[in-house]
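Student: using only what follows, build the 3D model:
(one chain, ligands or ions: 1)
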Amino acid sequence: MKKKVLLMGKSGSGKTSMRSIIFANYIAKDTRRLGATIDVEHSHVRFLGNLVLNLWDCGGQEAFMENYFVSQRENIFRNVEVLIYVFDIESRDEELKKDLRYYQTCLSAIYENSPSAKVFCLIHKMDLLQEDQRDKIFSERENEIINMSKPVKCTCFKTSIWDETLYGAWSSIVYKLIPNVQELEQSLKLFADLMECDEVLLFERATFLIISFCERASHRDVHRFEKVSNIIKGFKLSCSKLASQFTAMEVRNSNFAVFIDIFTPNTYIMVVMSEPNIPSAAVLLNIKNARKHFE
Ligand code: GTP
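Tutor: Numbers count the residues shown, from 1 in each chain. Next up, the predicted model:
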């Protein structure tokens, strides 16, 4: 099941950087060395068994953009499942106006060629703003984009390659592409109830994006899932630099016991228990027994 994902936005907005971090094991500082994308770079990412993301990273230099809208229009905008348009938060005045014009042109091409495509806008490089300014500037930009997108519905995220927001946004986007996700969620809920754990998360094995979760106790930090994705992915990359492979982890403090383990061929599972002294063997056996119901 191939799903075409278009990644668009002006040159230097950060498209190849985010693709390389999520799908090609780059760390943020490696992206400084990336050159501009020439025309379109295609990559196929196998995601959850038979779901393959067909990523079209469209170089954003003006000459390429004009070409996509005119001579390559059908080729680019046909059969699109998801459009991700990346706005550089640093664009101001004329540059921003031009970017918004390109976005609108993109939307009309999508509307004509792939009317059911889902549209996401990433307001990117948020790290370049002062922390106390981020929410305000983001919601101004978001309102402007949502209004100009009508009648197309678009969802905006604020992102940066320097923190976990990138994982939050991409997890939400990929979640929308997973077939039978409700079934998966029901099975996860059943498992969480049987285990009497606080929460259970499923991560895609290569990217560490969150595919599904079940939360049985509430927590204050609503961004904790993407923080875990970001931290564990970083740890996994560090392990591979030492030629060892990350497979499992167990963390305990006086309140919680947390287990991360390989689950199915495409997923890792994380189980959070508010029983700090629970024996590891019991939890790991339950995880092992649950595996066959998810494969
Ligand atoms: P084209 O290929 O020309 O379309 O550009 P692109 O959109 O693919 O941009 P690219 O990913 O090559 O990134 C350009 C520069 O932006 C790189 O030096 C990245 O390190 C930097 N960059 C990407 N994301 C971020 C971010 O979130 N914050 C900051 N501060 N810099 C970023």
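Student: show me where the stretch 101-250 of the chain has helices.
Tutor: 134-149, 165-175, 181-195, 224-241 (DSSP state H, counting those that start in this stretch).
Student: closest to the ligand out of those?
Tutor: Judged by CB to the nearest ligand atom, the one of the helices of the stretch 101-250 of the chain that comes nearest to the ligand is helix 165-175, at 7.4 Å. For glycine as for every other residue, the C-beta is placed from the backbone atoms N, C-alpha and C.
Student: show me what the closest one is packed against.
Tutor: helix 15-23, strand 118-124, strand 154-158, strand 210-215, helix 224-241 (3 or more CB pairs under 8 Å, 6 or more residues apart in numbering; DSSP states H and E).
Student: mean neighbour count added to these, as JSON lines?
Tutor: JSON lines is the format used below for those (neighbours: other CB atoms under 10 Å):
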{"stretch": "helix 15-23", "mean neighbour count": "22"}
{"stretch": "strand 118-124", "mean neighbour count": "23"}
{"stretch": "strand 154-158", "mean neighbour count": "20"}
{"stretch": "strand 210-215", "mean neighbour count": "20"}
{"stretch": "helix 224-241", "mean neighbour count": "16"}
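Student: ok, which of the ones you listed comes nearest residue 133?
Tutor: Relative to residue 133, the nearest member of the helices and strands packed on helix 165-175 by CB to CB is strand 154-158, separated by 11.5 Å.
Student: still on that earlier bit, output the helices and strands packed on helix 165-175 as a markdown table; include the columns mean pLDDT.
Tutor: Shown next, in a markdown table, are the helices and strands packed on helix 165-175 (pLDDT from 0 to 100):
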| stretch | mean pLDDT |
| --- | --- |
| helix 15-23 | 93 |
| strand 118-124 | 96 |
| strand 154-158 | 95 |
| strand 210-215 | 88 |
| helix 224-241 | 88 |
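Student: save these as a markdown table, and put in distance to the ligand too.
Tutor: Shown next, in a markdown table, are the helices and strands packed on helix 165-175 (distance: least, CB to the nearest ligand atom, whole Å):
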| stretch | distance to the ligand |
| --- | --- |
| helix 15-23 | 3 |
| strand 118-124 | 5 |
| strand 154-158 | 10 |
| strand 210-215 | 20 |
| helix 224-241 | 13 |
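Student: distance to residue 92 added to these, as JSON lines?
Tutor: Shown next, in JSON lines, are those (distance: least, CB to CB, whole Å):
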{"stretch": "helix 15-23", "distance to residue 92": "20"}
{"stretch": "strand 118-124", "distance to residue 92": "13"}
{"stretch": "strand 154-158", "distance to residue 92": "17"}
{"stretch": "strand 210-215", "distance to residue 92": "33"}
{"stretch": "helix 224-241", "distance to residue 92": "28"}
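Student: residues of the stretch 151-295 of the chain that sit close to the ligand?
Tutor: Listed as neighbours of the ligand in the stretch 151-295 of the chain under the rule CB under 6 Å from any ligand atom: 160, 161, 162.
Student: list the contacts for the residue nearest the centre of the chain?
Tutor: The residue lying closest to the centre of the chain (CA atoms, centre = their mean) is residue 170, at 1.4 Å. Counting by CB atoms under 8 Å, 6 or more residues apart in numbering, residue 170 touches 18, 22, 207, 209.
Student: try 6 Å
Tutor: 22, 209 (CB atoms under 6 Å, 6 or more residues apart in numbering).
Student: now swap in the one 3 residues further on and tell me
Tutor: Shown here is residue 173, whose contacts under the criterion CB under 6 Å, 6+ apart are residue 120.
Student: show the pLDDT at it.
Tutor: Note on residue 173: pLDDT of 92.
Student: swap in residue 91?
Tutor: Predicted confidence (pLDDT) for residue 91: 87.
Student: give me the distance between it and residue 130.
Tutor: 17 Å (CB to CB, to the nearest Å).
Student: again, but for residue 5
Tutor: Counting by CB to CB, the gap from residue 5 to residue 130 is 32 Å.
Student: so for those two, which residue has more residues nearby?
Tutor: Under the criterion of other CB atoms under 10 Å, the comparison of residue 5 against residue 130 puts residue 5 first, with 23 against 7.
Student: quick check, the more buried one in contact with residue 82.
Tutor: Yes: with contact defined as CB atoms under 6 Å, residue 5 reaches residue 82; the gap is 4.7 Å.
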